[in-house]
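Chemist: Give me the fold of what follows.
(chains A and B)
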2 protein chains.
Amino acid sequence: MRISELSRSTGVPVPTIKYYVREGLLPSGELISRNQASYDETHARRLRLIRALLDVGGLKVAAVAEVLRAIDDPKRPVHKVLGSAADQLGPALSDDDDAESAAAGVTVAELITRRGWRADESNPAAKDLTRALAAMGRVGHGAFSELLDDYADAAELVARADLAYVDRRVEVDDMVEGVVVGTVLGAAVFNAMRRLAHVDASAKLLGQGRDADQGSEAAEDY
Amino acid sequence: MRISELSRSTGVPVPTIKYYVREGLLPSGELISRNQASYDETHARRLRLIRALLDVGGLKVAAVAEVLRAIDDPKRPVHKVLGSAADQLGPALSDDDDAESAAAGVTVAELITRRGWRADESNPAAKDLTRALAAMGRVGHGAFSELLDDYADAAELVARADLAYVDRRVEVDDMVEGVVVGTVLGAAVFNAMRRLAHVDASAKLLGQGRDADQGSEAAEDY
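Modeler: Predicted coordinates for the structure are as follows:
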């Protein structure tokens, strides 16, 4: 199909498609004349994946390029693709070396040991967790670490579901893409779900007369 | 204290502090001479909160300003502040009206009913959830919605822990800030934790001989 048809079938404007090709996110179409290229269903599918990672996953263009390179590398084992996708989700921060960072580092190391997780403290996710906890400590919410095991229970539940989903996909191509979609878009799904569960939990909490003048409107107004 | 001392005690450069004051994120200091202002511990605390929301929460400056306005408005009930903080977390997307959006909308409405959540489908979090599921549908992962109840179990677990944490804070000021920190930074904590749980779950899955040539290095290399 022509680029105009590709644009129509995916809802992505032609100049945007050209930009993705220039940035290496999308393979260029097959040249059928000096200034016309032909695209097929694989381009449409890749384009939808790019939009999903950008719009819903909240990744930057460079991060999407990195994830797609990992998907396209046939020599790259699945768990490295998973790692690459996951690492794009974390904020790009430098390490701090204050007291809160040190305390948070100990907390995370203890958590990993306590849960028996086969993950190293040098893992990017462990570092991001350390940074998030250190930031909480700095704003006076060090006590938040009391919740870590509840969070870990929930994270294990989600991770088991994700892995079972990926495992069900038979073809390797599908599996790799499933891993990426699950990792990046799954985070967006869970964040939205957590906010919804907050609405429900606070409506129930306030509705029980704990704070009656706010409670009656809590469910609608949140 | 002077702005230079404020900078030293928080690690935020002086020009950045001045920028936050111009953007309305940080109240200006008390003028003690024509070109010198005095800052106190409330400024330092607010500055740490701003950095945490920007760096770890991943909010944009405008979103931080919105959240802080909600915190500072004494007439604003707690659940509205919570809503304001939560809504800054979602991607700012327009509604789509394709088949996937319609299907995802039905899925979310059914989920809310099935879970007995006191939340409306018009809630921004419900809309973000719909968008994330529609995006998955578009890239061929409509089957992901099979995982929704596992995700919902996990989200309820996290939301209960968050609310209990907020409820423990006695002073209203602290409570409001706790809600914001818990909502924004809690999402960063959970995302990092989910990635760690993935590392563990895939190490265990691969380690059980399902894919032996990758399994041995999975835990370290992820």
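Chemist: Work out for me the element A:Leu31 sits within.
Modeler: Using DSSP states H and E, A:Leu31 falls within strand A:30-33.
Chemist: Following the chain onward from that strand, which element is next?
Modeler: As assigned by DSSP H and E, the chain's next helix or strand after strand A:30-33 is strand A:36-38.
Chemist: who does the nearest residue to A:Gly29 once chain neighbours are set aside bridge with?
Modeler: Leaving aside its sequence neighbours, A:Gly29 sits nearest to A:Ala37 (CB to CB, 6 or more residues apart in numbering or on different chains; 3.2 Å). Where C-beta positions appear, they are placed from N, C-alpha and C, glycine not excepted. With beta bridges defined as DSSP bridges, A:Ala37 has these partners: A:Leu31.
Chemist: Name all residues that make contact with A:Ala37.
Modeler: Residues in contact with A:Ala37 (CB atoms under 8 Å, 6 or more residues apart in numbering or on different chains) are A:Ile3, A:Ser28, A:Gly29, A:Glu30, A:Leu31.
Chemist: check which helix or strand covers the most centrally placed residue in chain A.
Modeler: Nearest to the mean C-alpha position of chain A, by CA atoms, centre = their mean, lies A:Val184 at 2.8 Å. Assessed by DSSP H and E, A:Val184 sits inside helix A:172-205.
Chemist: residues of stretch A:132-147 that come out buried?
Modeler: With burial defined by 16 or more other CB atoms under 10 Å in any protein chain shown, the residues of stretch A:132-147 counted as buried are A:132-139, A:141-142, A:144-145, A:147.
Chemist: what two of those are the furthest from one another?
Modeler: Largest separation among those by CB to CB: A:Arg138 and A:Leu147, giving 17.2 Å.
Chemist: For the contacts of A:Ala37, give me a markdown table that also has distance to A:Val64 and pLDDT.
Modeler: Listed next are those as a markdown table, based on distance: CB to CB, whole Å; pLDDT from 0 to 100:
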| residue | distance to A:Val64 | pLDDT |
| --- | --- | --- |
| A:Ile3 | 20 | 94 |
| A:Ser28 | 17 | 91 |
| A:Gly29 | 19 | 91 |
| A:Glu30 | 23 | 91 |
| A:Leu31 | 25 | 90 |
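Chemist: Which of the residues you listed are buried, as a PyMOL select command?
Modeler: Buried residues within those, by 16+ other CB under 10 Å, are selected in PyMOL with:
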select buried, chain A and resi 3+29
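Chemist: would you turn the contacts of A:Ala37 into TSV with distance to B:Leu53?
Modeler: Putting the contacts of A:Ala37 into TSV (distance: CB to CB, whole Å) gives the following:
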residue	distance to B:Leu53
A:Ile3	41
A:Ser28	41
A:Gly29	43
A:Glu30	47
A:Leu31	48
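Chemist: quick one: low-confidence ranges for chain A?
Modeler: Counting by pLDDT under 70, the low-confidence segments of chain A come to A:76-96, A:169-179, A:205-222.
Chemist: So if we follow the domain assignment, how does it break up?
Modeler: Domain segmentation of chain A under automatic domain parsing yields A:3-56, A:76-89+A:169-222, A:91-159.
Chemist: For the shortest one, measure first residue to last.
Modeler: When the termini of domain A:3-56 are compared using CA to CA, to the nearest Å, they are 24 Å apart.
Chemist: and among the domains of chain A, the most buried is which?
Modeler: With neighbours taken as mean count of other CB atoms under 10 Å in any protein chain shown, those reach their highest mean count in domain A:76-89+A:169-222, at a mean of 21.
Chemist: correct me, but the residue nearest to the centre of chain A touches A:Glu66?
Modeler: No: counting by CB atoms under 8 Å, A:Val184 stays clear of A:Glu66, with 11.7 Å between them.
Chemist: and the strand holding A:Leu31, how far from the chain's centre?
Modeler: 36 Å (CA atoms, centre = their mean, to the nearest Å).
Chemist: That one packs against which elements?
Modeler: The contact analysis (3 or more CB pairs under 8 Å, 6 or more residues apart in numbering or on different chains; DSSP states H and E) places strand A:30-33 against strand A:36-38.
Chemist: closest one to B:Val199 among the domains of chain A?
Modeler: Per CB to CB, nearest to B:Val199 of the domains of chain A: domain A:91-159, 4.1 Å.
Chemist: for the closest one, the distance to its chain's centre please.
Modeler: Centroid separation for domain A:91-159 versus its chain: 18 Å, with CA atoms, centre = their mean.
Chemist: Would you confirm that A:Glu146 belongs to a helix?
Modeler: Yes: counting by DSSP: H, G, I helix; E, B strand; the rest coil, A:Glu146 is part of a helix.
Chemist: near chain B at all, stretch A:40-49?
Modeler: Yes: shown here: stretch A:40-49 in contact with chain B (CB under 8 Å from any CB of the partner chain) through A:Arg45, A:Arg48, A:Leu49.
Chemist: Just the residues you listed: which are in helices?
Modeler: Of the residues of stretch A:40-49 next to chain B, the ones assigned to helices by DSSP state H are A:Arg45, A:Arg48, A:Leu49.
Chemist: Nearest to B:Val12, out of the residues you listed: which one, please.
Modeler: Lowest distance from B:Val12 to these (CB to CB) belongs to A:Leu49, with 38.4 Å.
Chemist: Surely A:Ala161 and B:Asp153 touch.
Modeler: No: counting by CB under 8 Å, A:Ala161 stays clear of B:Asp153, with 9.1 Å between them.
Chemist: relative to helix A:172-205, how tilted is the helix or strand hosting A:Ala65?
Modeler: Per DSSP H and E: A:Ala65 is located in helix A:61-72. Per axes from the mean of the first three to the mean of the last three CA atoms, to 10 degrees, the angle that helix A:61-72 makes with helix A:172-205 is 130 degrees.
Chemist: Could you confirm whether helix A:61-72 reaches chain B?
Modeler: No: using CB under 8 Å from any CB, helix A:61-72 stays clear of chain B, with a minimum separation of 12.0 Å.
Chemist: B:His141 is in contact with A:Arg45, correct?
Modeler: No: checked against CB under 8 Å, the pair A:Arg45 and B:His141 is beyond contact range at 11.5 Å.
Chemist: can I assume A:Asp40 is in contact with A:Met1?
Modeler: Yes: here A:Asp40 reaches A:Met1: they are 6.9 Å apart, a contact under CB under 8 Å.
Chemist: Show me the contact partners of stretch A:51-64.
Modeler: Under the contact criterion CB under 8 Å, 6+ apart, stretch A:51-64 has outside partners A:10-12, A:23, A:25, A:50, A:67, A:88-89, A:180-181, A:184-185, A:187-188, B:58, B:91, B:93, B:131-132, B:135-136, B:138-139.
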